[in-house]
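Chemist: I'd like to go over a predicted model; first the sequence, then the structure.
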Amino acid sequence: MKTIILRTASTYLLPVLLLFSIFILLRGHYSPGGGFVGGLIASIAWVLHAFAKGLENTKGLIRIHPGFLMPVGLALAFLSGIAPIVAFDMPFMTGLWYPEHLPILGSLGSALFFDTGVYLVVVGVTLTIIFTITESA
Amino acid sequence: MTQQIVLYPLLLQLLLSIVLMFCWRKISWQRVISIVGGVINIAVSAWLFYHIWENGTQIVQAGNWKAPFGIIFVGDTLSATLVLLTALSGVAVSTFSSASVVAARLKFGYFPIFHFLLLGLNGAFLTGDIFNLYVWFEIIIISSFVLITLGGEKAQLEGAVKYFTLNILASMIFLTAIAVLYGLTGSLNMADLSMKVAAIENRGLVEITAILFLIAFGIKAAVFPLYFWLPDSYHTPPSAVSAIFGGLLTKVGVYALIRVFTLIFVGDLFLQNILLAMAVLTLISGGLGALVQNNLRKVFSYLIICHIGYMIAGLGLFTKLAISGTIFYLIHDIIVKTNLFMVSGLAYRIRGTNSMRALGGLYAEYPKISLLIAIPLFSLVGIPPLSGFWPKLSLISAGFTAERWWVVGAIVFASLITLIIIAKVWAAIVWKDKTDFPKRLNFRYFAKLKLVRKTQMIAPVVFLSLVSLYIGFGAEHIQQVSVRVANELMDNQQYIDAVYNNNPKLNR
């Protein structure tokens, strides 16, 4: 796995793949994509980096333990779910939408926060599993 | 405020697991959060129960999508009762776990997963959508699989493989059954299904689908030909885990059977006969199985199977009296079985073994604890006026009215066998002289524990014994609840109306 081609490419692939994962996350409401797929792509970016540069370097780049993303993502999804209950006394998970159309993001709604939560959970779970396996192997 | 009340127990459990995940490394915080959260959960569930008792069935349409298209949550009296019982057992088990489960296990996220399990249980009891029920079952399975393997001892993994294989198989069959049902009716909402299934001309297809559901839930509930995974796996994890499994997991299967066979597949004589045959065989085989076991927790595992038979029998008889007996038994059984597995954990802590031959002399050493564990043991047998007596009374008299002598016979036989087994257990662990079972090195014996830990082990047993005593001595109240649940279940139009018309404020 230490070929010069992969090592050079991975430096550029990491930001590109991460950006792509965010693109997938954002287009997910009406088109194919969303938090789950986006999260998987983001974890692929990190895993590829870890294969090419070694796990220690990747961990140094991420800084936090990926497992920490799980409760953060869950909390974000949870908050976006109960926001309608707390704010408007509407049923759980009712979509709340910001009336104006925003550039890049399009319509901003509570669904985006939920999806971002899913994204974080998926990244957290996948990286925790793969890093643990890599370490014990 | 009260409009979303059906979801509050669910959301609270989710919140608790998230908070617990944030405190991943701080075990002592997790203990406190889990217990305090459990107490709050009792309050919330009691509030939900009171609200539903006063105002009838409540619904929440998740995401404000109207039934039958969106996922809805329905809280009727049965769901509310089960959520309350889950809360009671939940707090007892989290208290018991914080003393009896070793820190090495707690470190790997025992408490967050435990609350995810409770989340799944609450969700399964409250959902009004059959596919959503499947999703809650998955949450339950995944959490229970983590709990059963946590610690990774050899015996544990062996039990876990059996447990997981058969439960995954049950899920697959459940999913297939849902697919077939969806193909027949084009709907997943249980109230909608209830109307659409009744209108299908080809009853043969409906019966086949019903059988698929029966097999799927039968594996989960551990009824006669499908129970072999249970006694092989429930004695392997720590007793706190067995307690929540024994008390609640199989009962979710029973709940699903009750829900599906009173709401969707109703009044089919063929299915009722199958249910009755299963019930009779479950009662007999579970009882006989328990008779020959030596491991205390295996005895209790077989008794779980045996007593599932009572509930299935009531469902098969399908009269108001029988269903009320089933519900009463369910209420009694959840509390008592949870308690019994904690008692087995206590016995294990005291002597270092669960083998009935090696246990003994409990009365000489701990007379008060012996008296305490007499309550769950004899409640289970149903010595009047303790809690097991009343539902059997309803079931037997319902059996007489329906002139199903085999069922009556099996119920009486199973009660007798339970009595023999409990007498054997009592004699073996309490009255028999202390055996010369060797002391284990590095084992945290009960006598060596700190006072806080001792209290944490005794208090939940006391608490659930008090609940059991209340169920026995306040049987009038429980009977009132059971009869109301039975009325609601027998008249499924009420459920359908609640889903479609109730709560006009929601249909903004």
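Modeler: On my side now, so go ahead. Note that this is a predicted model, so its numbers are computed, not measured.
Chemist: and the strands in chain B?
Modeler: Using DSSP state E, the strands assigned to chain B run over residues B:58-61, B:72-75.
Chemist: before we move on, what about chain A?
Modeler: With DSSP E, the ranges of strands along chain A come out as A:97-102, A:106-109.
Chemist: strand partners (parallel or antiparallel) of the last one?
Modeler: When pairing is defined by DSSP bridges, strand A:106-109 lines up against strand A:97-102 (antiparallel).
Chemist: show me what counts as buried in the strand it pairs with.
Modeler: By neighbour count with 16 or more other C-beta atoms under 10 Å in any protein chain shown, strand A:97-102 contains no buried residues. No exception for glycine: its C-beta is placed from N, CA and C like everyone else's.
Chemist: mean confidence score for it?
Modeler: Regarding strand A:97-102, the rounded mean pLDDT is 83.
Chemist: confidence score at residue B:507?
Modeler: Residue B:507 is given a pLDDT of 39.
Chemist: which ones are touching the residue in chain A positioned nearest to chain B?
Modeler: Taking C-beta to the nearest C-beta, chain B has its nearest neighbour within chain A at residue A:71, 3.7 Å off. The contact partners of residue A:71, taken as C-beta atoms under 8 Å, 6 or more residues apart in numbering or on different chains, are B:18, B:21-22, B:24.
Chemist: any idea how far it is from residue B:187?
Modeler: Going from residue A:71 to residue B:187 by C-beta to C-beta, to the nearest Å gives 36 Å.
Chemist: residue A:57 too?
Modeler: Residue A:57 is 53 Å from residue B:187, by C-beta to C-beta.
Chemist: more neighbours, the two?
Modeler: More crowded of residue A:57 and residue B:187, by other C-beta atoms under 10 Å in any protein chain shown: residue B:187, with 19 against 12.
Chemist: check contacts around the more buried one.
Modeler: Contact analysis of residue B:187 by C-beta under 8 Å, 6+ apart lists B:68, B:193, B:196.
Chemist: quick check: which ranges of chain B have low pLDDT?
Modeler: Residue ranges of chain B with pLDDT under 70: B:1, B:502-508.
Chemist: now residue B:421, nearest residue through space, not along the chain?
Modeler: Closest residue to residue B:421 apart from its sequence neighbours, by C-beta to C-beta, 6 or more residues apart in numbering or on different chains: residue B:290 at 5.1 Å.
Chemist: quick check: that neighbour touching residue B:303?
Modeler: Yes: in this structure residue B:290 lies within contact range of residue B:303 using C-beta atoms under 8 Å: 5.1 Å.
Chemist: what touches both of the two?
Modeler: Listed contacts common to residue B:290 and residue B:303 are B:418, B:421; contacts here mean C-beta under 8 Å, 6+ apart.
Chemist: OK, contacts around residue B:328?
Modeler: B:390-391, B:394, B:478-479, B:482.
Chemist: give me that answer again for 10 Å
Modeler: Contacts for residue B:328 (C-beta atoms under 10 Å, 6 or more residues apart in numbering or on different chains) come out as B:310-311, B:314, B:387-388, B:390-395, B:471, B:475, B:478-479, B:481-483, B:485-486.
Chemist: could I get stretch B:136-155 in CSV with only the CA atoms?
Modeler: C-alpha atoms of stretch B:136-155 as CSV (Å, rounded to 0.1, in the frame of the first residue of the first chain):
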residue,chain,number,x,y,z
TRP,B,136,-38.0,-1.5,16.7
PHE,B,137,-37.5,-5.2,16.7
GLU,B,138,-34.2,-4.7,15.0
ILE,B,139,-33.1,-2.1,17.5
ILE,B,140,-34.0,-4.5,20.3
ILE,B,141,-32.0,-7.4,18.6
ILE,B,142,-28.9,-5.3,17.9
SER,B,143,-28.8,-3.9,21.5
SER,B,144,-29.5,-7.3,23.0
PHE,B,145,-26.8,-8.8,20.9
VAL,B,146,-24.3,-6.3,22.2
LEU,B,147,-25.5,-6.9,25.8
ILE,B,148,-25.3,-10.7,25.5
THR,B,149,-21.8,-10.7,24.1
LEU,B,150,-20.3,-7.9,26.2
GLY,B,151,-17.4,-9.4,28.1
GLY,B,152,-16.7,-12.0,25.5
GLU,B,153,-16.5,-15.1,27.6
LYS,B,154,-16.5,-18.4,25.8
ALA,B,155,-19.9,-19.6,27.1
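Chemist: so in chain A, where's the weakest helix or strand by average pLDDT?
Modeler: strand A:106-109 (a mean of 80; mean pLDDT, DSSP states H and E).
Chemist: got the residues of chain B near chain A?
Modeler: Residues of chain B lying close to chain A by C-beta under 10 Å from any C-beta of the partner chain are B:1-4, B:6-8, B:10-11, B:14-15, B:17-24, B:59-65, B:70-73, B:109, B:112, B:505-506, B:508.
Chemist: buried ones from those, can you make that a ChimeraX selection?
Modeler: Applying 16+ other C-beta under 10 Å to these leaves a buried subset, and the ChimeraX line that selects it is:
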select /B:3,4,6,7,8,10,11,14,15,17,18,19,20,21,22,23,24,59,60,61,62,63,64,71,72,73,109,112,506
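Chemist: just the residues of chain B next to chain A: which are in helices?
Modeler: Counting by DSSP state H, the residues of chain B next to chain A place B:8, B:10-11, B:14-15, B:17-22, B:112 in helices.
Chemist: nearest to chain A: which residue in chain B?
Modeler: For chain B, C-beta to the nearest C-beta, closest residue to chain A: residue B:21, 3.7 Å.
Chemist: quick one: contacts for that residue?
Modeler: Applying C-beta under 10 Å, 6+ apart, we find residue B:21 in contact with A:67-68, A:70-72, A:74-75, B:30, B:109, B:111-113, B:115-116.
Chemist: at 8 Å instead, please
Modeler: Residue B:21 touches A:70-71, A:74, B:109, B:112, counting by C-beta under 8 Å, 6+ apart.
Chemist: repeat for residue B:88
Modeler: The neighbours of residue B:88, taking C-beta under 8 Å, 6+ apart as the test, are B:42, B:335, B:463-464, B:467.
Chemist: where does chain A come near chain B, residue by residue?
Modeler: Listed as neighbours of chain B in chain A under the rule C-beta under 8 Å from any C-beta of the partner chain: A:67, A:70-71, A:74-75, A:78, A:81-82, A:84-85, A:89-95.
Chemist: got a quick ChimeraX command for the buried subset of these?
Modeler: Entered in ChimeraX, the line below selects the buried ones among those, by 16+ other C-beta under 10 Å:
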select /A:67,70,71,74,75,78,81,82,84,85,90,91,92,93,94,95
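Chemist: the residue lying closest to residue B:53 once chain neighbours are set aside: neighbour count?
Modeler: Spatial nearest neighbour of residue B:53, chain neighbours left out: residue B:77 (6.8 Å); criterion: C-beta to C-beta, 6+ apart. Residues lying near residue B:77 (other C-beta under 10 Å) number 21.
Chemist: before we move on, what about residue A:117?
Modeler: Neighbours of residue A:117 (other C-beta under 10 Å): 23.
Chemist: got the contact list for the nearest residue in space to it that is not next to it in sequence?
Modeler: Spatially, and ignoring its direct neighbours in sequence, residue A:117 is nearest to residue A:77 (3.0 Å; C-beta to C-beta, 6+ apart). Residue A:77 makes contacts with A:113-114, A:117-118, A:121, as judged by C-beta under 8 Å, 6+ apart.
Chemist: that'll do, ta.
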